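J.: output the structure for:
(4 chains)
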There are 2 protein chains.
Amino acid sequence: MALPSSTVENYLKAIYQAEMAQEDGTRLVPMGRLASALHVVPGTATTMVKTLAESGLVRYEPYAGVRLTAAGQKLAALVLRRHRLMELFLVEVVGMSWADVHDEAERLEHAASDRLIDRIDEMLGRPAVDPHGDPIPDQDGAMATPRYQTLLTCPIDTALVLARVTDQDTDFLRFLEQSHLTPGEVIRVESRDAAADHVLLRGAGDRSIVIGMRAAAKLLVAPPPPPG
Amino acid sequence: MALPSSTVENYLKAIYQAEMAQEDGTRLVPMGRLASALHVVPGTATTMVKTLAESGLVRYEPYAGVRLTAAGQKLAALVLRRHRLMELFLVEVVGMSWADVHDEAERLEHAASDRLIDRIDEMLGRPAVDPHGDPIPDQDGAMATPRYQTLLTCPIDTALVLARVTDQDTDFLRFLEQSHLTPGEVIRVESRDAAADHVLLRGAGDRSIVIGMRAAAKLLVAPPPPPG
DNA sequence: AATCGATTTTTGACTCATCAAACTTCCAAT
DNA sequence: ATTGGAAGTTTGATGAGTCAAAAATCGATT
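T.: Numbers count the residues shown, from 1 in each chain, chains lettered A, B, ... in the order given. As a prediction, this is how the structure comes out:
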């Protein structure tokens, strides 16, 4: 099979990420979700998924959804690898803002050769996560998948490390940056108020921050850092 | 007008470079030249050039050829700028080989944002030339166009600086690198032999190098460096 | 001036990715 | 069991970019 087009890469990546995000155990991604993730109409997604199925990259169950085959999974993971290494490179080496690198990487991931990506990987010291805390798959497409809690489910009044931000929106990231809510920061949840739909945080330097529950669900935390 | 596709950018770039390479004064590029530069059949080039003409990017004279308008020239120069800054970046910052960066930049030039390109320009200290000695247009598309001599036309037995290499072929560049024939090196032509189709050079470290005349025509030299 | 060969243009067809809109299927609620 | 609405699929069309091959044009040589 020839090299996949950017479009194919984007479909595989979207399916991969939708599978991950699925809360129910099933990895079947409904067409509607896929279509809206890719900003195409549902009919387009159906058509494309059928050709992906013919290439053996996905399994398609009409009216039910789509899931990646092993081959599709590997390809998707390698696209994600390119994307995330590129993001980290743009932040660490080029000095671009955390908030801007997603969109840039979204295009560069389809243009960069494996050679370039491996060189970047080497320069960065084979990093495990990108600037948003998303894990970076290795050359074989294998990826660690730690299970973090969100700020909605984590214990109250406990020191935790902000590990990952699961939204790439530029304005949201800019806000987080200004609030010093970036991966690695130590924070604690002081209270939650379902009626007010907010979560009250205390960040580094005793900053007090109030965020909505929608936003809080996008911030993932890990157990406190090892002592010393 | 919407942003130009990669294809449009490649056509403009090819026309721009063909205009430069034209030895006769006319800047009219015949369809055949353009088509083969882009690896498409002549009919395809004709079709595409007609749509470029409708966008006001080129002037098309049927059966005669095509030339860029002011708007087309500027766009083409900005593509060249992205390409050449990217090449230099890949060599200087990423540490890729001189011989490999052309193909990589060929794809990245269409994916990199102006923001990224300007950041790279700044990091590199607003450089004037890329790793092959090709001049880099500024943000307005203006570009210095020094007129160098080739190793076929330069004076014999005179110290000269290798200024520019007008061929991006990977194997050719690899050969030059191994022979220490890279921009900035001081060399002199010891003799030319038209019958044997070769040029005898003396490079840095008293290296003696024989190259064919076809190759010699691709090496451009400048007057000796200023003393001191 | 007439012609031959090279170059260029035209025509018809194809692939990829997409949309709008008509049509199907599914399932949850009656 | 039936059915109404949501979700999914199909159909027909479009635009970009390309090729193969037929037709037209140009110009250099006779």
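J.: CA atoms for contacts and neighbours, from now on please.
T.: Noted.
J.: A:A64 and A:P30 touch, don't they?
T.: Yes: when contacts are counted by CA atoms under 8 Å, A:A64 is listed as touching A:P30 (6.2 Å).
J.: more neighbours: which of the two?
T.: Comparing A:A64 with A:P30 by neighbour count (other CA atoms under 10 Å in any protein chain shown), the higher total belongs to A:P30, at 21 against 10.
J.: any idea how far the longest strand along chain A is from the chain center?
T.: For chain A, the strand with the greatest residue count under DSSP state E is strand A:186-193. Chain-centre distance of strand A:186-193: 23 Å, with CA atoms, centre = their mean, to the nearest Å.
J.: next SSE after the longest helix along chain A?
T.: The residue-count maximum for a helix in chain A (DSSP state H) belongs to helix A:70-92. On the C-terminal side of helix A:70-92, the nearest following helix or strand under DSSP states H and E is helix A:101-108.
J.: give the rounded mean pLDDT of the helix or strand just after that next one.
T.: Sequence-wise, the next helix or strand downstream of helix A:101-108 (DSSP H and E) is helix A:114-123. For helix A:114-123, the mean pLDDT works out to 97.
J.: where in chain A is pLDDT low?
T.: A:1, A:225-228 (pLDDT under 70).
J.: what does stretch A:198-214 contact?
T.: A:151-152, A:179-181, A:185-193, A:197, A:216 (CA atoms under 8 Å, 6 or more residues apart in numbering or on different chains).
J.: what subset of those is buried?
T.: A:L151, A:L152, A:H180, A:L181, A:V186, A:I187, A:R188, A:V189, A:E190, A:S191, A:R192, A:A216 (16 or more other CA atoms under 10 Å in any protein chain shown).
J.: pick out the most distant pair among those.
T.: With CA to CA as the measure, no two of those lie farther apart than A:H180 and A:R192, at 19.8 Å.
J.: touching, A:D100 and A:T170? I think so.
T.: Yes: the pair A:D100 and A:T170 passes the contact test of CA under 8 Å, sitting 6.1 Å apart.
J.: more neighbours: these two, which one.
T.: Between A:D100 and A:T170, A:D100 has the larger neighbour count (other CA under 10 Å), namely 19 against 16.
J.: how close does the more buried one get to DNA strand C?
T.: 23 Å (CA to the nearest atom of the strand, to the nearest Å).
J.: coming back round to it: just checking, what packs against the longest strand of chain A?
T.: strand A:160-165, strand A:198-202 (3 or more CA pairs under 8 Å, 6 or more residues apart in numbering or on different chains; DSSP states H and E).
J.: do you know how far A:D206 is from A:R107?
T.: 39 Å (CA to CA, to the nearest Å).
J.: one step back: among the helices and strands packed on strand A:186-193, which is the most enclosed?
T.: strand A:160-165 (a mean of 23; mean count of other CA atoms under 10 Å in any protein chain shown).
J.: quick one, domains of chain A?
T.: Domains of chain A are assigned by automatic domain parsing as A:6-68, A:149-222.
J.: what parts of chain A come near chain B?
T.: A:V94, A:E104, A:R107, A:L108, A:A111, A:A112, A:S113, A:R119, A:I120, A:M123 (CA under 8 Å from any CA of the partner chain).
J.: again, only this time at 10 Å
T.: Taking CA under 10 Å from any CA of the partner chain, the part of chain A that reaches chain B is made up of A:90, A:93-96, A:100-101, A:103-113, A:115-116, A:119-120, A:123.
J.: get me the contact residues on chain A for DNA strand D.
T.: A:30-33, A:42-44, A:46-47, A:61-65 (CA under 7 Å from any atom of the strand).
J.: isn't A:R27 up against A:M20?
T.: Yes: using CA atoms under 10 Å, A:R27 is in contact with A:M20, at 7.7 Å.
J.: who has more neighbours, these two?
T.: Neighbours were counted for A:R27 and for A:M20 using other CA under 10 Å; A:R27 has more, 18 against 14.
J.: now that one: how far from A:V49?
T.: 15 Å.
J.: how near is the residue in chain A that DNA strand C sits nearest to to chain B?
T.: Nearest residue of chain A to DNA strand C: A:V40, at 3.5 Å (CA to the nearest atom of the strand). Counting by CA to the nearest CA, to the nearest Å, the gap from A:V40 to chain B is 20 Å.
J.: and stretch A:124-139, how far apart are its ends?
T.: End residues of stretch A:124-139 are separated by 15 Å (CA to CA).
J.: how far out from the middle of the chain is that stretch?
T.: 11 Å.
J.: which residues does the closest residue to A:V161 other than its chain neighbours contact?
T.: Closest residue to A:V161 apart from its sequence neighbours, by CA to CA, 6 or more residues apart in numbering or on different chains: A:V186 at 4.5 Å. For A:V186, the contacting residues are A:158-163, A:180, A:202-205, A:221-222, A:224-225, by CA atoms under 10 Å, 6 or more residues apart in numbering or on different chains.
J.: returning to what we had before: can the helices and strands packed on strand A:186-193 go into JSON lines with extra columns for distance to B:G212?
T.: Formatted as JSON lines, the helices and strands packed on strand A:186-193 follow (distance: least, CA to CA, whole Å):
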{"stretch": "strand A:160-165", "distance to B:G212": "59"}
{"stretch": "strand A:198-202", "distance to B:G212": "72"}
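J.: can you redo the ones you listed as TSV with distance to DNA strand C?
T.: Output for those, formatted as TSV (distance: least, CA to the nearest atom of the strand, whole Å):
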stretch	distance to DNA strand C
strand A:160-165	27
strand A:198-202	29
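J.: of all these, which one is nearest B:G56?
T.: Nearest of the helices and strands packed on strand A:186-193 (CA to CA): strand A:160-165, 45.5 Å.
J.: can you list contacts of the helix or strand following that closest one?
T.: Downstream of strand A:160-165, the next assigned helix or strand under DSSP H and E is helix A:170-178. Outside helix A:170-178, the residues within contact range by CA under 10 Å, 6+ apart are A:97-103, A:132, A:165, A:167, A:179-183, A:215, A:219.
J.: how far does helix A:170-178 sit from its chain's centre?
T.: 16 Å.
J.: list the buried ones in it?
T.: A:T170, A:L173, A:R174, A:L176.
J.: so that helix versus strand A:160-165, what angle?
T.: 160 degrees (axes from the mean of the first three to the mean of the last three CA atoms, to 10 degrees).
J.: can I get helix A:170-178 as CSV, trimmed to CA atoms?
T.: Extracted in CSV, the C-alpha atoms of helix A:170-178 (Å, rounded to 0.1, in the frame of the first residue of the first chain):
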residue,chain,number,x,y,z
THR,A,170,-5.4,28.1,22.1
ASP,A,171,-7.4,30.5,24.3
PHE,A,172,-7.9,27.9,27.0
LEU,A,173,-4.2,27.1,27.0
ARG,A,174,-3.3,30.8,27.2
PHE,A,175,-5.6,31.1,30.2
LEU,A,176,-3.9,28.1,31.9
GLU,A,177,-0.5,29.5,31.2
GLN,A,178,-1.4,32.8,32.8
